[in-house]
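# Predicted model follows, preceded by the sequence.
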Amino acid sequence: MTFNSYVFVLLFLPLCLFGYFTLNKFRLYRLGLTFLLGMSLWFYGYFHPWYLLVICCSVLVNYIIYRILHGMTIGGTVAARKIVFITGIVFNLGVLGYFKYSDFFIENINLIFKTDFTLRHILLPLGISFFTFQQISFIADVYMDRGGGILYSFLEYAAYVTYFPQLVAGPIVTHDILVPQLQEEQRKHFNFDYLSKGIALFTFGLAKKVLLADIFGDYVNLAYEDVSMLNSATAFLAMLAYTLQIYFDFSGYSDMAIGLGWMMNIDLPVNFDSPYKALSVTEFWKRWHITLTDFFTKYVYIPLGGNRKGSARTYANIFIVFLLSGLWHGAGWTFIFWGMMHGLAQMLERVMKKYWQKLHPAFSWLLMFGFVNLAWIYFRADSITDVHIILSKLLSFDFGAISAEMAAAFNQPEYAFLWSNLAPAFKAFYENINVVLYFAVAMGIVLALPNARHLAEKYVAKWWTPFVTAFLLVWCIFSFTGLSTFLYFNF
């Protein structure tokens, strides 16, 4: 199930909120949490019920490992606890590797050793990277005794892992943030303030996805169908369009997740903080997918030694982290190169730090934004060959016209209606005007407006907020013309 669907907005969400708060109103807290778990499993298994087998087995095995580790906190030997911990890590990475990376490894084995092993074409369960990392962090915290010796019931643990707002595309929520909130009695009861700002933030995120990301996505899909047909202008717009698509798509999902959490009196961590306003790649990663950065910092970078063992080791650790980040995002060399590029960029910024700090902020931003745009080409392209073709198109300086088909990607029915009735004199070329307006408005939102979370918190009390929220929500619902999944569902 997706947030941007009729079944979610008009059936699932109202039913979930009503059932959860009604049961809690009568102090049936355990039943209320069971209801939430059931709704989360329905949400996850809506398209492919067999997904439930994967996630339920994963939750059950990880809970057993957790209970064993917890029971060994006092009486177990160091060696025994380490064996159980490693078993848990191997299990989780093994499941992730089987479903996500099997074909990638088989393809490369066939390429290197000239073998002909058959690809498995395994259907990737939604959000497996997210709930796997979430459970790895939990097992690691228990092993390192960061759980404070707290014993969670199976119901609490299962509800924590499967909590539907963050289940399939993050943010990656650690147990110490979510479980205490699920246990807190005061948060189990209806709160109008939380609900109102939650609806506002959910709507802002939905508008990002439906009214912006999906439109840019239509253009990107057309451009990447046959990159050899692009000229310099259309290649540049394709690069920038994907930069905007993935921003509005993923930040929109994160806004919706936090908004849904607010509706249920739950505070989920911020995952985006206007990343395209950053003045360096290092700062970009402090603003983009914040919970993934925190995960790699806490569970990979610091255990490797962080910056405590000299410059050479620090640079190596940074490179390893971003290599793993690229591989986490997808099973392909394009993702690996994307991760390596970001790792190398951060290493270079460290080397050139004293010179970088002297640059004018506008120039620093231009370098950061240009690099991020170029790196996204690797992230989106189907192959390294396609990347090279696009880069060659960008450097050919062949600035031709945008085809009518590609310009039509921005020609939505509501805008066609407005142009036809309000400015018929411009009807002959309003499609090209729409292209300019979309990019200008999107860049204005990215660079000029505050974070959507801050907007929801700051303006929720204004008298006009309900009207704006209602208008955007209705507009989005009427724009549900087809099922459009979120980009990070693939990761």
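Cool, got the structure. The shown structure was predicted, so the numbers you read here are calculated from the model rather than taken from an experiment. Numbers count the residues shown, from 1 in each chain.
# Please count neighbours and contacts with C-alpha atoms only from this point.
Fine.
# distance between the helix or strand harbouring residue 204 and the chain's centre?
Assigned by DSSP states H and E, residue 204 belongs to helix 192-207. Put simply, helix 192-207 sits 19 Å off its chain's centre (CA atoms, centre = their mean, to the nearest Å).
# That one packs against which elements?
helix 232-263, helix 452-459, helix 465-478 (3 or more CA pairs under 8 Å, 6 or more residues apart in numbering; DSSP states H and E).
# which one of the ones you listed is the most hemmed in?
helix 232-263 (a mean of 25; mean count of other CA atoms under 10 Å).
# Give me the buried positions along the helix holding residue 204.
The neighbour-count check on helix 192-207 (16 or more other CA atoms under 10 Å) flags 194-207 as buried.
# and the angle for that helix with helix 452-459?
140 degrees (axes from the mean of the first three to the mean of the last three CA atoms, to 10 degrees).
# before we move on, the earlier item: nearest to residue 1 among the helices and strands packed on helix 192-207 would be which one?
Closest approach to residue 1 among these is made by helix 232-263 (13.1 Å; CA to CA).
# The closest one relative to helix 452-459, how many degrees between them?
50 degrees.
# tell me the mean pLDDT for helix 232-263?
The average pLDDT within helix 232-263 is 95.
# Counting by contacts, list what the helix or strand that comes right after it packs against.
Counting by DSSP H and E, the element after helix 232-263 in chain order, helix or strand, is helix 281-287. Helix 281-287 sits against helix 333-351, with contacts defined as 3+ CA pairs under 8 Å, 6+ apart.
# Take the helix it packs on, keep the C-alpha atoms, and write them as CSV.
Output in CSV follows, covering the C-alpha atoms of helix 333-351 (Å, rounded to 0.1, in the frame of the first residue of the first chain):
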residue,chain,number,x,y,z
TRP,A,333,27.7,-0.7,-10.4
THR,A,334,25.9,2.7,-10.9
PHE,A,335,25.0,2.8,-7.2
ILE,A,336,28.5,1.8,-6.2
PHE,A,337,30.1,4.5,-8.4
TRP,A,338,27.6,7.0,-6.9
GLY,A,339,28.6,6.1,-3.4
MET,A,340,32.3,6.2,-4.3
MET,A,341,31.9,9.7,-5.8
HIS,A,342,30.4,11.0,-2.6
GLY,A,343,33.1,9.4,-0.5
LEU,A,344,35.9,10.9,-2.7
ALA,A,345,34.2,14.3,-2.6
GLN,A,346,34.1,14.3,1.2
MET,A,347,37.8,13.2,1.3
LEU,A,348,38.7,16.0,-1.1
GLU,A,349,36.8,18.6,1.0
ARG,A,350,38.7,17.5,4.1
VAL,A,351,42.0,17.9,2.3
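# what's the average pLDDT for it?
pLDDT averaged over helix 333-351 gives 95.
# who touches stretch 77-93?
58, 62, 65, 68-69, 72-73, 132, 135-136, 139-140, 143 (CA atoms under 8 Å, 6 or more residues apart in numbering).
# hmm, back to that, ok, residues contacting the helix holding residue 204?
3-4, 251-265, 452-453, 455-457, 460, 465-466, 469, 472-473, 476.
# and if you look at stretch 209-220?
So stretch 209-220 is contacted by 4, 238, 241-242, 244-249, 252-253, 406-407, 409-410, 442, 476, 479-480, 484 (CA under 8 Å, 6+ apart).
# Apply 6 Å and report the result again.
With contacts defined as CA atoms under 6 Å, 6 or more residues apart in numbering, stretch 209-220 is touched by 238, 241, 245, 248, 249, 252, 406, 409.
# repeat for stretch 313-323
With CA under 6 Å, 6+ apart, stretch 313-323 has contacts from 306, 307, 339, 340, 343, 347.
# which residues touch the last one?
Taking CA under 6 Å, 6+ apart as the criterion, residue 347 is in contact with residue 315.
# What is the burial count for residue 218?
Counted with other CA atoms under 10 Å, residues neighbouring residue 218 total 17.
# Kindly list the main-chain dihedrals of it?
Dihedral pair for residue 218: phi -60, psi -40, per degrees, to the nearest 10.
# Now do the helix holding residue 204 against helix 465-478: the angle between them, please.
40 degrees.
# So for residue 383, what's the nearest residue that isn't a sequence neighbour?
residue 334 (6.4 Å; CA to CA, 6 or more residues apart in numbering).
# Now flag whichever of the contacts of stretch 209-220 is closest to residue 157.
When the contacts of stretch 209-220 are compared against residue 157 (criterion: CA to CA), the nearest one is residue 252, at 27.0 Å.
# List the residues that contact the closest one.
205, 208, 209.
# Would you confirm that the second one contacts residue 248?
Yes - with contacts defined as CA atoms under 6 Å, residue 208 counts as touching residue 248 at a distance of 5.1 Å.
# Next, count neighbours for residue 189.
Residue 189, neighbours per other CA under 10 Å, totals 19.
# Return the residues in contact with it.
residue 21.
# Does residue 126 belong to a helix, a strand or coil?
Three-state call for residue 126 (DSSP: H, G, I helix; E, B strand; the rest coil): coil.
# what about the residue nearest to residue 383, distance to residue 381?
7 Å (CA to CA, to the nearest Å).
# Kindly provide the distance from residue 43 to residue 346.
38 Å.
# again but with residue 391, I slipped
22 Å.
# More neighbours: those two, which one.
residue 346 (22 against 17).
# Looking at the protein, which helix is longest?
Scanning the chain for the helix with the most residues, using DSSP state H, yields helix 78-113.
# Figure out how far that one is from the centre of its chain.
23 Å.
# Give me the mean pLDDT for it.
92.
# and if you look at stretch 212-228?
On average, stretch 212-228 scores 92.
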